[in-house]
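>>> my questions concern the predicted model and sequence given below.
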Amino acid sequence: MSIAENIARVREQICAAARRADRKPDEIQLMAVTKEVPADRIREAHYAGVQLFGENRVQEFQTKRDALQELAGAQWRMIGHLQTNKAPRAAELFDAVDSIDSVRLAQKLNSAAQQCGKRLPVLIEINVGGELSKSGIAPDSAELEQLLGIGTELASLEFCGLMAVPPYSDDPEQSRQYFRQMKQLFSKISKRQVPAVQMEVLSMGMSHDFEIAIEEGSTCVRVGTAIFGERKPGRSKA
């Protein structure tokens, strides 16, 4: 199937999942994950109506950027682990960063965004499964509380919500418990009305489990394989 056909099928699945959860399909954003995807195929996705794109590496996106500048309305979000020494370049290149996983990174990114003269939307990445191999802040950690508490000090960042990648399983239903935990955390922070921290985006769900994520409250699904096809063996199945 073509990229356009794949996107149409994913959108149908989003609509079906939203209906099952008694939600409106337009409440859910579709992000095309373009890790290791060449510029010409990204262009195809944009022509098929996708406006939101997620990249995992600063250096990789930097090599594609010039070839994609003509894509009107395209938004580029950093969704992979971001090293603090790459914060200045990320602030310059991306429209948003969805993977804030420490107070130190938030501070570095805030300084970098200030230098760029921009206010950068960000999401806090939560390590919902407690996996040592993954980045993210533990949902019950002191660091999360500290990060929420200094939101007003980081004036060049706009805290918009949470992002998570649950432990991978071939059975999508295994992700449901983690998506529910994320929704509970999202709602808990929302009710607290933390100054300078808005809970508008709950980014969770990838190619194999995004329908479950939508049923449990996701507002943004990150889909790569279901749009662009399989990557090399052993690589991410976003």
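Here it is on my side, so go on.
>>> helix, strand, or coil at A18?
With DSSP: H, G, I helix; E, B strand; the rest coil as the basis, A18 sits in helix.
>>> quick check: it touching E12?
No. Contact criterion Cβ atoms under 8 Å: A18 and E12 do not qualify, at 10.8 Å. Where C-beta positions appear, they are placed from N, C-alpha and C, glycine not excepted.
>>> ok, these two, which is more surrounded?
Set A18 next to E12 and count neighbours by other Cβ atoms under 10 Å: A18 wins out with 18 against 11.
>>> ok, now how distant is that one from G205?
Distance of A18 to G205, computed by Cβ to Cβ, to the nearest Å: 12 Å.
>>> what is in contact with the two at once?
I214 (Cβ atoms under 8 Å, 6 or more residues apart in numbering).
>>> output the contacting helices and strands for the strand or helix carrying M199.
Assigned by DSSP states H and E, M199 belongs to strand 197-203. Judged by 3 or more Cβ pairs under 8 Å, 6 or more residues apart in numbering; DSSP states H and E, strand 197-203 is in contact with strand 157-164, helix 176-192, strand 220-223.
>>> out of these, deepest packed?
Highest mean neighbour count of these: strand 220-223, a mean of 26 (counted as mean count of other Cβ atoms under 10 Å).
>>> quick one: the strands in the chain, in order.
Secondary structure of the chain (DSSP state E): strands at 29-33, 52-55, 75-78, 96-100, 120-126, 157-164, 197-203, 220-223.
>>> nearest to R89, out of the ones you listed?
strand 75-78 (10.0 Å; Cβ to Cβ).
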